[in-house]
Structures are given as structure tokens and as C-alpha cells.
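Novice: predicted structure and sequence below. I'll ask about it afterward.
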Amino acid sequence: MADLIAALMDLYSRQAYPEVQDPVEIVLESEIPQYDLGVGQDIMRSNLELFADRTALAESSRNPKAEVDAKGKAKGLMQWLTEDPEGEGQPAFQTALNRISKYYDKRGKRIAPWILDAKEHNDPTKLTERQQKALFFADVFQRKGTTTEKGEGYEHGKLQEIMRTGDPDIMNDVYLKHWHTRPNQSVVDNARRSFY
């Protein structure tokens with residue numbers, strides 16, 4: 001029932017605010033054209049979708065309603081922390097919401113109502129799967145080291161290499177070094193199953 005309500009709210013938002021489009025496209029239409037990687041934009045999109053899907057598999061078994069009762073309250077498709085486990089900063093979910101807001105600002109669009117609502121309710125499980133994927137893309141593109149990490153065999157950056165090749169080794173590397181907060185052996189083994 002909650003999924004139906006979220007989908008209806010998303011549909012209402014698109015009709016009430018015609019400038020609001022697919023949130024994944026807000027991010028990808030801002031990022032993808034920046035890079036000349038020797039492959040078409042459709043391939044770049046496809047490889048990014050594959051990366052998001054495999055990350056969701058590793059994090060939540062592709063369950064947008066998943067919750068882990070751990071320190072920091074990990075929730076949703078990508079298991080965002082809704083509380084800072086150290087109590088010193090902003091939780092990862094709020095950071096992701098701020099990051100996606102920048103894409104709306106950059107494109108001169110009104111920030112989608114679902115983003116503003118999410119900043120208040122602080123619960124990724126109340127978002128649609130597509131909204132959670134958009135947050136993932138906004139977040140991962142702006143994480144330190146994912147798009148600027150040159151060297152280590154990457155001419156442009158790790159995400160750009162994923163866009164170009166869809167290489168599961170690089171997806172696994174970005175996941176373990178830039179997404180998961182504290183990978184232990186169990187997380188590493190699960191990532192291996194998810195990305196390969």
C-alpha cells in the first residue's frame with residue numbers, strides 16, 4: 001500500500017509541477033554530457049544503471065523498504081544512514097538529499113517536493129525506487145574520489161571508467177572504497193557475489 005501511495009504522489013508531483021521530471025534524468029542529464037569517453041551516452045547510462053542495480057543487490061537485496069537496526073539506522077535500497085553513528089555530523093541520507101538538490105539548482109528547476117518532504121521525514125523507505133536511484137547517482141557522483149581519482153589505471157576517474165566499460169572490478173572497488181562505510185570480510189564476500 002505504501003508503494004502505491006508513493007507512486008501516486010510521484011505521479012501527482014509530475015502533473016502538478018510539469019518542470020519536475022524523472023529524478024534519475026535530472027542527475028544523468030547533468031553528468032553524462034560532461035564526458036567524452038569514446039562510447040555513446042546510451043552505453044554510459046546502461047553501465048551506470050548496472051552499477052546502481054548491483055549496489056542495490058549488495059546493500060539491500062534490491063529491497064527499497066529494507067531496514068537494518070544498526071547504529072546509524074541504515075534504510076532503503078542503498079542503505080543510507082539516517083542518523084550519524086558518531087553523532088558528529090549529518091547523516092548520509094541528508095547529505096544525499098542536499099547533493100540531489102544541487103542538480104535541480106544547477107538546471108534552474110524547482111526542487112522536487114519529494115526531496116523537501118524527505119528532508120523532513122528522513123526515511124529513504126518512503127521514497128520510490130526511482131527516487132532512491134536518483135539519490136544514489138547524485139551522491140556517488142559527488143563523493144570524493146569517484147570522479148576525480150586519476151591514476152590507479154583510470155584515465156578520467158572511477159565512475160567514468162564504469163560508464164565507459166561497465167567493469168565489475170571497478171564497480172566493486174568504488175562500492176568498497178567509496179560507498180560502504182566499514183567493509184568487513186562479510187561485506188567483501190557479499191560484494192563479490194553482487195558485482196560478479
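Specialist: Looks like it came in fine.
Novice: this structure: strands as residue ranges?
Specialist: 67-68, 74-75, 80-81 (DSSP state E).
Novice: indicate which one of those is closest to residue 119.
Specialist: In terms of C-beta to C-beta, the element of the strands of the chain nearest to residue 119 is strand 80-81, at 12.8 Å. (Each C-beta comes from the backbone N, C-alpha and C, glycine too.)
Novice: okay if I get the strands of the chain as JSON lines plus mean neighbour count, distance to residue 144 and mean pLDDT?
Specialist: Listed next are the strands of the chain as JSON lines, based on neighbours: other C-beta atoms under 10 Å; distance: least, C-beta to C-beta, whole Å; pLDDT from 0 to 100:
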{"stretch": "strand 67-68", "mean neighbour count": "14", "distance to residue 144": "24", "mean pLDDT": "89"}
{"stretch": "strand 74-75", "mean neighbour count": "24", "distance to residue 144": "21", "mean pLDDT": "92"}
{"stretch": "strand 80-81", "mean neighbour count": "24", "distance to residue 144": "17", "mean pLDDT": "92"}
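Novice: nearest to residue 104 among the ones you listed would be which one?
Specialist: strand 80-81 (18.8 Å).
Novice: count the neighbours of the closest residue in space to residue 24 that isn't next to it in sequence for me.
Specialist: Spatial nearest neighbour of residue 24, excluding adjacent residues (C-beta to C-beta, 6 or more residues apart in numbering): residue 134 at 4.6 Å. Neighbourhood size, residue 134 [other C-beta atoms under 10 Å]: 26.
Novice: isn't residue 134 up against residue 29?
Specialist: No: with contact defined as C-beta atoms under 8 Å, residue 134 does not reach residue 29; the gap is 11.3 Å.
Novice: measure the residue positioned nearest the centre of the chain to residue 189 for me?
Specialist: The chain has residue 136 as the residue nearest its centroid, 0.5 Å off, counting by C-alpha atoms, centre = their mean. Going from residue 136 to residue 189 by C-beta to C-beta, to the nearest Å gives 22 Å.
Novice: likewise residue 135?
Specialist: Distance from residue 135 to residue 189, by C-beta to C-beta: 26 Å.
Novice: more crowded one of the two?
Specialist: residue 135 (28 against 11).
Novice: surely that one touches residue 100?
Specialist: Yes: taking C-beta under 8 Å as the definition, residue 135 is a contact partner of residue 100 at 5.6 Å.
Novice: any shared contact partners between the two?
Specialist: residue 23 (C-beta atoms under 8 Å, 6 or more residues apart in numbering).
Novice: ok, back up a step: make CSV from the strands of the chain and add distance to residue 90 to it.
Specialist: Compiled in CSV, the strands of the chain are given as follows (distance: least, C-beta to C-beta, whole Å):
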stretch, distance to residue 90
strand 67-68, 19
strand 74-75, 15
strand 80-81, 10
